[in-house]
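Trainee: what's the 3D shape of this:
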Amino acid sequence: MTGSYRAPEISHRFVLDAVRAADRDRFLAALFAPEPARRGLLALLALDHELARTRTVTREPMLARIRLEWWREAVAEAAGDAKPRAQPIVESLSETARRHGLTAEQLTALVDAREEEIDGPLDVLRAGHALADLQLDVLSVRDAATRQAARAVGAAWLMGEGPERDALLAEARLRRGEIDAAALPILLPALALGRPMSPWRKPIALWWAAKRGRY
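Mentor: Numbers count the residues shown, from 1 in each chain. Predicted coordinates for the structure are as follows:
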């Protein structure tokens, strides 16, 4: 039955450790979400990291496509009714998908966006929007202003420094007075795209920004 699956605790711990090691800024921001949404955000970030790793774990396009096809099948299982395959990220994602009503189509959209990177540059808008939409569903945030801000931050995260990224961040910050505060855990990473912060200062800066509703 959809919604009844519970992942092993060891799988959630694997996901937490993986995201903390690979993506500390977004890991710290996700901690501001309440449970069980926090686990959901971490599962999505772990999936995103695995998909992004495709371009580094293999340079052979055919093998890269096989790897992404494995994930395409895995996320479809995660959103389905049957027991998912025994892989920690898939198991944690399965609990997230069924608890929050994430569809196979939504999850597959994130995989499809990453496939473009095999033969050319990543479409940062497509990939950033796909992840942001999933995150917003986990946080139960539906309003248009917050979605626009979250999508802008999601796309900016995938860009290098430059005027395009600055424009996206400015667009997101223009919405600060309209956003649903529940979405701050996925908006706070915008702070990491500004001036550099020392590792010890980041948690404090994120806490202060969350308290003020800034990003």
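Trainee: rest of the way, CA atoms for contacts and neighbours
Mentor: Fine.
Trainee: other SSEs contacting the element among helices and strands of the chain having the smallest mean pLDDT?
Mentor: Least confident helix or strand, the chain: helix 54-57 with a mean of 89, by mean pLDDT, DSSP states H and E. Counting contacts by 3 or more CA pairs under 8 Å, 6 or more residues apart in numbering; DSSP states H and E, helix 54-57 packs against helix 61-78.
Trainee: which is the next helix or strand following the helix it packs on?
Mentor: Using DSSP states H and E, the helix or strand that follows helix 61-78 in sequence is helix 88-100.
Trainee: that next one: what's the following helix or strand?
Mentor: Per DSSP H and E, the first helix or strand lying C-terminal to helix 88-100 is helix 104-115.
Trainee: for the helix or strand that Asp48 is a member of, what does the pLDDT average out to?
Mentor: Following DSSP H and E, one finds Asp48 within helix 37-52. Mean pLDDT, computed over helix 37-52, is 98.
Trainee: got the contact list for it?
Mentor: 12, 15-16, 18-19, 22, 26-27, 30-32, 68, 71, 89, 92-93, 96, 110-111, 114, 131, 134-135, 138-139 (CA atoms under 8 Å, 6 or more residues apart in numbering).
Trainee: those residues, buried ones only, as a PyMOL selection?
Mentor: A single PyMOL command selects the buried members of those (16 or more other CA atoms under 10 Å):
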select buried, resi 12+15+16+18+19+26+27+30+32+68+71+89+92+93+96+110+111+114+131+134+135+138+139
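Trainee: re the thing from before, dump the least confident helix or strand of the chain to PDB, keeping only the CA atoms.
Mentor: Only the C-alpha atoms of helix 54-57 are listed here, as PDB (Å, rounded to 0.1, in the frame of the first residue of the first chain):
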ATOM      1  CA  THR A  54      27.400   9.900 -13.400                       C
ATOM      2  CA  ARG A  55      29.600  12.200 -15.400                       C
ATOM      3  CA  THR A  56      32.600  11.500 -13.100                       C
ATOM      4  CA  VAL A  57      32.200   7.700 -12.500                       C
END
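Trainee: what's that helix in contact with?
Mentor: Against helix 54-57 from outside (CA under 8 Å, 6+ apart): 64, 67-68, 117-118.
Trainee: before I go, just wanted to say thanks for your time.
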